[in-house]
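After the sequence you'll find the predicted model.
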Amino acid sequence: MSNASIYDSPEHELLRDQVGKFIAREVEPHAAAWEEQGFVPREVLKRMGQAGLFGLMYEEQYGGAGADAMTNLVFAEALSQSTFAGFIITVLVHTDMASPHLHHAGNAAQKDKYLRKVVAGELITAVGITEPGAGSDVAGIRSTAKCDGGDWVLNGTKMFITNGVHADLYFVAAKTGAGKRDISMFIVEKGTPGFTVGRALKKTGWLSSDTAELIFDNVRIPAANLLGEEGKGFYSVMKNFQTERIALAAMAVGHCQQALQLTLDHVRQRQAFGGPLWDQQVIRQRLAMADAKTRAARAFMYHCAWRVTQGHDIVQEVSMLKALSGELVNEVVQTCQQFHGGMGFIRETAVERLWRDARVLAIGGGATEVMLEEVAKRY
């Protein structure tokens with residue numbers, strides 16, 4: 001199955017090749033051990049930064065490449081050449097979900113202080129929005145930040161935070177006013193007094209990514225660490241969701257592609273009923289349909305990224321994409337797992353790992369039902 005796209009350029013193919021070689025060299029031989037330890041080693045992430053892969057959309061003055069949304073999508077999709085989604089999400093949270101808050105809303109002083117180190121992989125980032133009682137409903141967060149003597153004092157709890165245990169820099173949302181959307185974003189450094197990792201969370205999938213509960217107990221934040229305008233954080237979060245959801249769609253499409261390739265290889269070799277499984281018409285047809293749906297979703301994904309480069313409002317389209325890809329990856333990977341028989345249910349086989357890792361893609365970054373409501377209210 002080819003990864004060519006009508007939107008591709010020679011630079012995109014070079015990027016795919018670069019990422020593929022990095023994964024083959026630095027990830028696949030070691031990632032099973034990362035699944036056991038529960039996180040991706042810092043030195044691996046730093047080598048990605050040194051390779052120029054952590055700042056594709058950021059300004060060259062900060063070590064970035066000044067690339068567009070299409071290039072960023074190529075990167076996210078290329079990461080999915082790995083079958084270890086914990087590694088993929090560790091990287092994408094840093095590049096597409098957390099650090100963009102600094103890039104989009106940070107002032108010159110904040111970027112000078114942090115962004116070069118973020119791009120170089122010297123500082124790993126996380127974003128603290130989700131809470132025990134507020135996930136897709138961002139306006140429902142209860143964490144608060146109140147002015148006190150020129151500083152801000154932050155209180156609250158965040159939940160399900162990817163990179164939460166091992167990040168260095170956190171972009172945290174908190175209520176700063178009485179209105180439902182009076183939310184501001186803050187830069188919080190690891191080690192700030194009152195800020196603790198409550199616990200590392202055990203998950204069904206994404207085992208090589210660290211996920212944490214974060215606790216903020218009278219955390220005093222300098223006024224200079226307000227990220228963007230006071231009270232405008234809700235809109236910053238909504239804006240960044242578009243980048244995040246395209247990246248998650250790329251993960252989903254990549255999982256579909258990997259599962260299909262693994263399964264095509266398997267059914268051509270596996271002997272049953274006097275010949276290879278590929279001889280069974282029902283298997284051929286179901287895999288063909290799964291491939292067709294995957295290719296259609298991928299084309300829509302690239303169309304969305306192209307629309308971003310043209311400056312269009314694509315909230316409805318990206319919400320469709322997130323809903324579609326999150327559901328599709330579960331359908332396709334489960335179909336592929338079925339055709340592996342008992343081996344598809346054995347821990348540490350690639351298709352079993354893809355099956356576990358796929359489930360959250362219909363939940364994280366905006367649950368399917370929430371995405372469909374975003375679509376419907378824009379008709």
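On my side now, so go ahead. What you are looking at is a predicted structure, and each value in this text was computed from that prediction instead of being measured. Numbering: from 1, shown residues only.

switch to C-alpha atoms for all contacts and neighbour counts from now on
Noted.

CA atoms of the helix or strand in which residue 88 is found as CSV?
Using DSSP states H and E, residue 88 maps to helix 85-92. Only the C-alpha atoms of helix 85-92 are listed here, as CSV (Å, rounded to 0.1, in the frame of the first residue of the first chain):
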residue,chain,number,x,y,z
ALA,A,85,1.3,3.9,19.7
GLY,A,86,2.7,4.9,23.2
PHE,A,87,5.8,6.2,21.5
ILE,A,88,3.7,8.0,18.8
ILE,A,89,1.5,9.8,21.3
THR,A,90,4.4,10.8,23.5
VAL,A,91,5.9,12.6,20.5
LEU,A,92,2.6,14.0,19.1
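
following that helix, which helix or strand shows up next?
Once helix 85-92 ends, the next helix or strand along the chain (criterion: DSSP H and E) is helix 99-105.

so what does that following helix touch, helix or strand wise?
When contacts are defined as 3 or more C-alpha pairs under 8 Å, 6 or more residues apart in numbering; DSSP states H and E, helix 99-105 packs onto helix 108-119, strand 226-227, helix 233-269.

Off-centre distance for the longest one?
For helix 233-269, the distance from its own C-alpha centre to the chain's C-alpha centre is 9 Å (C-alpha atoms, centre = their mean, to the nearest Å).

now swap in stretch 50-61 and tell me
Between the centre of stretch 50-61 and the centre of its chain there are 17 Å (C-alpha atoms, centre = their mean).

what does it rub up against?
Around stretch 50-61, the neighbours that count as contacts under C-alpha atoms under 8 Å, 6 or more residues apart in numbering are 48-49, 63-69, 71-72, 94-95, 103, 118-121.

Kindly recompute the last result at 10 Å.
Applying C-alpha atoms under 10 Å, 6 or more residues apart in numbering, the contact partners of stretch 50-61 are 15, 18-19, 22, 44-49, 62-72, 75, 91-92, 94-96, 99-100, 103-104, 112, 115-116, 118-122.

which of those are buried?
Among the contacts of stretch 50-61, those scoring as buried are 15, 19, 22, 45-49, 62-65, 69-72, 75, 91-92, 94-96, 99-100, 103, 115-116, 118-122 (criterion: 16 or more other C-alpha atoms under 10 Å).

Give me the nearest residue to residue 136, chain neighbours excluded.
Nearest-residue entry for residue 136: residue 366, 5.3 Å, with adjacent residues in sequence omitted and distances by C-alpha to C-alpha, 6 or more residues apart in numbering.

Go ahead and confirm that neighbour touches residue 321.
No. Counting by C-alpha atoms under 10 Å, residue 366 sits too far from residue 321 to count as a contact (11.2 Å).

Now do the shared contacts for the two.
Common neighbours of residue 366 and residue 321 (criterion: C-alpha under 10 Å, 6+ apart): 245, 372.

Between these two, which has more neighbouring residues?
More crowded of residue 366 and residue 321, by other C-alpha atoms under 10 Å: residue 321, with 26 against 22.

contacting residues around the residue nearest to residue 277 when sequence neighbours are not counted?
In space, and not counting its chain neighbours, residue 277 is closest to residue 267: 4.8 Å by C-alpha to C-alpha, 6+ apart. By C-alpha under 10 Å, 6+ apart, the contact set of residue 267 is 276-280, 283-284, 336, 339-340.

ranking those residues by neighbours, who comes first?
Comparing these by number of neighbours (other C-alpha under 10 Å), residue 336 comes first, having 30 neighbours.
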